[in-house]
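> structure, please.
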Amino acid sequence: MAAIEKASNFALVVHNACPPLDAALDKLLAVQFQALETITGATLPGYLRRQAGTVLFIGSTAVSSFPDGWENYVAAKNASGGLINGLQNRYSTWGLRYLTLAPSYVAGSFSKAHRPEDAATLLPEEVAEAALELIDKSELQPNYIELSPLGKRAGAFGFQPPRSTAYTPVVTAAQPASAPAGGTATANVPAAGGEALAAQINQIACNLLGLAPTTSLAGMGVGTISGWDSLRHIQLMLELERELSISFSTEEVSRTPLFDSLILVCAEKLAR
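Numbers count the residues shown, from 1 in each chain. Below you'll find the model as predicted:
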């Protein structure tokens, strides 16, 4: 760690080291998570001084497919993926990038004894090419990429929890916004909301954030996805004012950090 801290010119770290797939959990965590935590901690001061720097972690699609007998391996990959995602959310505003490339089976000795004989595999060169492409992309791109012989899937770490591509509003315009004492408050989405409005706002936000147009932002917001910081959020609100012919107060900007709350406020304004 001291050697890394002394070397102030680090611009990129690629963490691909891993014990055998069936190693004990403590060994997998030591190399996958603890070593990664040490390296990211050591490079952070220099990255912050330059306001630039990238860490690429090589994950695995096993975190979503969860093959039988891979429990320890999946646990270690999940721990490391969570660390990378947290660092991205915390430091992307300052120009730092923490990325995960999660390939499926790769043709090689590492998984040979554990993968089905007829399993489709990636060439090591394909993984290397995808890694270079991810590193070269803008920081506004999704920081988590799954790679398989079928193609790529970009989004948030682990693609969990599942997010629907459509927003289903609770149309209860006549119901009071807050419940009486002792009751349960219910969020109201006026009929002017609906799936069409959610889809329109989702598209506007994706365009502004540089995300793929198919990305669902349901449940996401400021600090949960690369590039969506407080400044970008203000830019998004200004864009929505222009596109929807509405206006937001300063208080409304501060209380709509999440996509879902933004839908509610826009729907209420359009229903007036």
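
> list the residues that contact the nearest residue to residue 107 once chain neighbours are set aside.
Nearest residue to residue 107, sequence neighbours excluded (C-beta to C-beta, 6 or more residues apart in numbering): residue 121, at 4.2 Å. The way it works is simple: take the backbone N, C-alpha and C, and place the C-beta from them, glycine included. Counting by C-beta atoms under 8 Å, 6 or more residues apart in numbering, residue 121 touches 104-107, 115, 149.

> tell me which two of those sit farthest apart.
For the contacts of residue 121, the farthest-apart pair by C-beta to C-beta is 115 and 149; their separation is 12.5 Å.

> ok, the two, which is more surrounded?
residue 115 (17 against 13; other C-beta atoms under 10 Å).

> how about the secondary structure of the more buried one?
Under the three-state scheme (DSSP: H, G, I helix; E, B strand; the rest coil), residue 115 adopts coil.

> quick check, it in contact with residue 105.
Yes. At 4.8 Å, residue 115 counts as touching residue 105 under the criterion of C-beta atoms under 8 Å.

> any stretches of the stretch 101-250 of the chain with poor pLDDT?
Scanning the stretch 101-250 of the chain for pLDDT under 70 picks out the ranges 138-141, 158-194, 224, 226.

> hmm, 80 instead?
118, 137-142, 150, 155-194, 212-214, 218-220, 223-227 (pLDDT under 80).

> which parts of it are helices?
Under the criterion DSSP state H, counting those that start in this stretch, the stretch 101-250 of the chain contains helices at 124-136, 194-209, 230-244, 250-254.

> and among these, the most buried is which?
helix 194-209 (a mean of 18; mean count of other C-beta atoms under 10 Å).

> quick one: that helix to helix 230-244, angle?
130 degrees (axes from the mean of the first three to the mean of the last three C-alpha atoms, to 10 degrees).

> so which residue is dead centre in the chain?
Central residue of the chain (C-alpha atoms, centre = their mean): residue 156, 2.6 Å from the mean position.

> what's the closest non-adjacent residue to that residue?
Nearest non-adjacent residue to residue 156, counting by C-beta to C-beta, 6+ apart: residue 144, 5.8 Å away.

> so what's that neighbour up against?
59, 81, 85, 99-100, 102, 154-159.

> ok, 7 Å please
By C-beta atoms under 7 Å, 6 or more residues apart in numbering, the residues touching residue 144 are 100, 154-157.

> hey, what's it bridged with?
Here residue 144 sits in beta bridges with residue 100, residue 155, going by DSSP bridges.

> from residue 222, how far off is it?
18 Å (C-beta to C-beta, to the nearest Å).

> with residue 243 instead?
With C-beta to C-beta as the criterion, residue 243 and residue 222 are 19 Å apart.

> could you do residue 63 as well?
25 Å.

> what about these two, which has more around it?
residue 63 (24 against 17).

> using the three-state scheme, assign that one.
Under three-state DSSP, residue 63 comes out as helix.

> hang on, it packs against residue 76?
No. Under the criterion of C-beta atoms under 7 Å, residue 63 is not in contact with residue 76, lying 9.8 Å apart.

> now do the same end-to-end measure for stretch 45-62.
Chord length of stretch 45-62, first to last residue, is 32 Å (C-alpha to C-alpha, to the nearest Å).

> chain center to it, what's the gap?
Mean-position distance between stretch 45-62 and its chain equals 14 Å (C-alpha atoms, centre = their mean, to the nearest Å).

> helix, strand, or coil at residue 56?
strand.

> relative to residue 197, how far out is it?
From residue 56 to residue 197 the distance is 37 Å (C-beta to C-beta).

> and residue 233, by the same measure?
18 Å.

> all strands of this protein, in order?
According to DSSP state E, the chain carries its strands in the segments 12-15, 53-58, 96-103, 144-148, 151-155.

> need the ones you listed in a markdown table (columns: distance to residue 218).
A markdown table is the format used below for the strands of the chain (distance: least, C-beta to C-beta, whole Å):
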| stretch | distance to residue 218 |
| --- | --- |
| strand 12-15 | 31 |
| strand 53-58 | 26 |
| strand 96-103 | 21 |
| strand 144-148 | 17 |
| strand 151-155 | 12 |
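
> among the ones you listed, which is the most enclosed?
strand 96-103 (a mean of 24).

> what's next to that strand, contact-wise?
Residues outside strand 96-103 that contact it (C-beta under 7 Å, 6+ apart): 47, 53-61, 63, 81, 84, 87-88, 122, 127, 130-131, 134, 139, 143-147, 157.
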